[in-house]
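**Student:** When you get a sec, could you give me coordinates for this:
(chains A, B, C and D)
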Amino acid sequence: MRLSVLLFAHYRELVPSPSVEIEVRTGATVREAIARLRAMPGWEDLPEEPTVAVNREYSQPDRELHAGDELALIPPVAGG
Amino acid sequence: MRLSVLLFAHYRELVPSPSVEIEVRTGATVREAIARLRAMPGWEDLPEEPTVAVNREYSQPDRELHAGDELALIPPVAGG
Amino acid sequence: MKATGDRTKAPAGDPDPCFVSACITEEPIQAERLLDLGSRADGALLLFVGRVRDHNDGRPVARLRYEAYTEMAERELEAILREAADRCEATRIEAVHRTGTLEIGEASVAIAVASPHRAAAFEASRYVIEEIKKRLPVWKREVYADGSDAWVHAASEDPPR
Amino acid sequence: MKATGDRTKAPAGDPDPCFVSACITEEPIQAERLLDLGSRADGALLLFVGRVRDHNDGRPVARLRYEAYTEMAERELEAILREAADRCEATRIEAVHRTGTLEIGEASVAIAVASPHRAAAFEASRYVIEEIKKRLPVWKREVYADGSDAWVHAASEDPPR
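**Tutor:** This is a model prediction of the structure:
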């Protein structure tokens, strides 16, 4: 199944592109999707367990993903 | 010696005048000045130990007064 | 009434001391003016505004009348601001308390604190409003819809004997 | 961006629910507009404004650039405001966070809380700014006088591995 992945702030500087579409097995977890990303050429520098949001909500690494989900990698925030 | 006395808010409604000049012995304390006030006709309803300010500063009942001091009787405050 | 206290802007090269400004006034409070308080080093601004509510203790209020021992109140307010500055490391504090007749929604008090960091601003602002309620020689009279009125006694105080 | 959340005025006869408004925007924040928040029952208004300081960790800063995951940040900000309202019995909360390039002294965030009583306003305001710093998906890049720049890492967070 297909997922869209978004990167922000300094995570963008670790990889070739600020967003990407990836293909993972049906029922894959967030952890598996991150591993898939880090296996792509040029994406090795992403952290192993970044904070993530799925469909704009903070999520855990073992969350199951669905086709069309929006996965975002969230570097340590610095708002305010 | 002569003192001026000021009254505010509901204390004003207990007495015939919002301010008054009184004569007390040299070296009189705040407590003595209050007793002197309460001995005046129409001033009996003042409290025995009101919060007071001398020369615009909160003061204790045993504070000694000086000629020309401004004594103010301060009802419970309700600012803000 | 005139503002007492010091400049609200520090002189160049001397950003450390706290400058305070205390004012008791019959004029409407322009709270938005206080949003400019502070310098380029102050990352936090906290503005507290106390406003006249349309009820108190369940009873509808039509308006308030504030009376002050003005000369003492300005002196006491400035003392409160200096204490807040000393305790909290705020760098600019300005406070205004209104007197006279106030309609519902009008500001009775405004307190602005500017500080490099937010914790100091919150602490200082809270300290100032709590001390105002305890110490500022100001009294308010509630006027009700039927035209009757009564002095408001602070709940935490013992009534005078 | 559009404001999310509900009306900032309660319907007549229903003063209890809290209405919140959360907004992430590239436009300059007009903090003075937030001074009107609340109803005739709200005796306290507290406005926090976070501004760009001219230094950080002792280093001079020329300006900041804020980046946000805007759609998520608006949703998360609204969630924070609702939590604050539930915990603190505030009746109206409005918060705006800016994105884009900000000069020294410009407001990066403004939080207004209106409440019948001051304690709730202070608690809610503090809760909102602390949660924003922990959770809002917003990042800032400091630009220095020499033109160099760097992402700001929140001190309390572990850097990503």
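
**Student:** only C-alpha atoms for contact and neighbour calcs from this point on.
**Tutor:** Will do.

**Student:** what about the residue in chain A positioned nearest to chain C, distance to residue A:73?
**Tutor:** Using Cα to the nearest Cα, the single residue of chain A nearest to chain C is residue A:80, 10.0 Å away. Distance of residue A:80 to residue A:73, computed by Cα to Cα, to the nearest Å: 20 Å.

**Student:** quick one: which of the two has more around it?
**Tutor:** For residue A:80 versus residue A:73, neighbours defined as other Cα atoms under 10 Å in any protein chain shown are more numerous around residue A:80 (25 against 22).

**Student:** isn't that one right up against residue D:49?
**Tutor:** No: between residue A:80 and residue D:49 there is no contact under Cα atoms under 8 Å: 9.2 Å.

**Student:** any residues in contact with both of these two?
**Tutor:** The overlap between the contact sets of residue A:80 and residue D:49 (Cα atoms under 8 Å, 6 or more residues apart in numbering or on different chains) consists of D:108-109.

**Student:** Name the spans of the chain whose pLDDT lies under the cut-off.
**Tutor:** Using chain A here. The model of chain A has no residue with pLDDT under 70.

**Student:** Actually, chain C is the one I wanted.
**Tutor:** For chain C, applying pLDDT under 70 flags the ranges C:1-17, C:154-161.

**Student:** Helices along chain C, start to end?
**Tutor:** All helices of chain C, identified by DSSP state H, fall at C:70-88, C:118-135.

**Student:** want to throw those into JSON lines with distance to residue C:29 and mean neighbour count?
**Tutor:** Converted to JSON lines, the helices of chain C look like this (distance: least, Cα to Cα, whole Å; neighbours: other Cα atoms under 10 Å in any protein chain shown):
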{"stretch": "helix C:70-88", "distance to residue C:29": "15", "mean neighbour count": "21"}
{"stretch": "helix C:118-135", "distance to residue C:29": "16", "mean neighbour count": "21"}
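
**Student:** for the ones you listed, which one sits closest to chain A?
**Tutor:** Nearest to chain A, of these and by Cα to the nearest Cα, is helix C:118-135 at 10.4 Å.

**Student:** Return the distance of the closest one from the chain's centre.
**Tutor:** Distance, stretch centre to chain centre, for helix C:118-135: 9 Å (Cα atoms, centre = their mean, to the nearest Å).

**Student:** so does stretch C:85-101 get close to chain B?
**Tutor:** Yes: using Cα under 8 Å from any Cα of the partner chain, stretch C:85-101 reaches chain B at residue C:97.

**Student:** Tell me the gap between that stretch and the middle of its chain.
**Tutor:** From the chain centre to the centre of stretch C:85-101 is a distance of 6 Å (Cα atoms, centre = their mean).

**Student:** what's the answer for stretch C:51-63, then?
**Tutor:** 19 Å.

**Student:** start to end distance for it?
**Tutor:** Its first and final residues considered, stretch C:51-63 spans 11 Å by Cα to Cα.

**Student:** again with stretch C:96-104
**Tutor:** Terminal-residue distance, stretch C:96-104 (Cα to Cα): 18 Å.

**Student:** Run through who's touching that stretch.
**Tutor:** Against stretch C:96-104 from outside (Cα under 8 Å, 6+ apart): B:80, C:22-29, C:51-54, C:62-68, C:107-111, D:40.

**Student:** And those, which of them are buried?
**Tutor:** Buried members of these, counted by 16 or more other Cα atoms under 10 Å in any protein chain shown: B:80, C:22-25, C:28-29, C:51-54, C:62-68, C:107-111.

**Student:** Keep those, but drop any that are not near chain D.
**Tutor:** Okay, of those touching chain D (Cα under 8 Å from any Cα), that's C:51-54.

**Student:** from those residues, which single one is nearest residue A:31?
**Tutor:** residue C:51 (52.3 Å; Cα to Cα).

**Student:** Could you report the distance from the nearest residue to the closest one once chain neighbours are set aside to chain A?
**Tutor:** Using Cα to Cα, 6 or more residues apart in numbering or on different chains and skipping the chain neighbours, the partner closest in space to residue C:51 is residue C:107 (4.2 Å). Distance of residue C:107 to chain A, given as Cα to the nearest Cα, to the nearest Å: 28 Å.

**Student:** OK, contacts around residue C:107?
**Tutor:** With Cα under 8 Å, 6+ apart, residue C:107 has these contacts: C:28-29, C:49-52, C:98.

**Student:** So which of those are in strands?
**Tutor:** C:49-51, C:98 (DSSP state E).

**Student:** which of those residues count as buried?
**Tutor:** Neighbour counting with 16+ other Cα under 10 Å marks C:49-51, C:98 as buried within the ones in strands among the contacts of residue C:107.

**Student:** ok, so of those, who is nearest chain B?
**Tutor:** When those are compared for distance to chain B (Cα to the nearest Cα), residue C:50 wins out at 6.5 Å.

**Student:** Look up phi and psi at residue A:40.
**Tutor:** phi -80, psi 140 (degrees, to the nearest 10).

**Student:** same check, this time on residue A:72
**Tutor:** Dihedral angles of residue A:72 (phi, psi; degrees, to the nearest 10) stand at phi -120, psi 140.

**Student:** burial count for it?
**Tutor:** So residue A:72, with other Cα under 10 Å, has 24 neighbours.

**Student:** Let me know the distance separating the closest residue to residue C:19 other than its chain neighbours from residue C:35.
**Tutor:** Setting aside the residues directly before and after it, residue C:19 is nearest to residue C:92 in space (Cα to Cα, 6+ apart), at 5.0 Å. Applying Cα to Cα, the value for residue C:92 to residue C:35 is 12 Å.

**Student:** okay, these two: which has more neighbours?
**Tutor:** residue C:92 (30 against 19).
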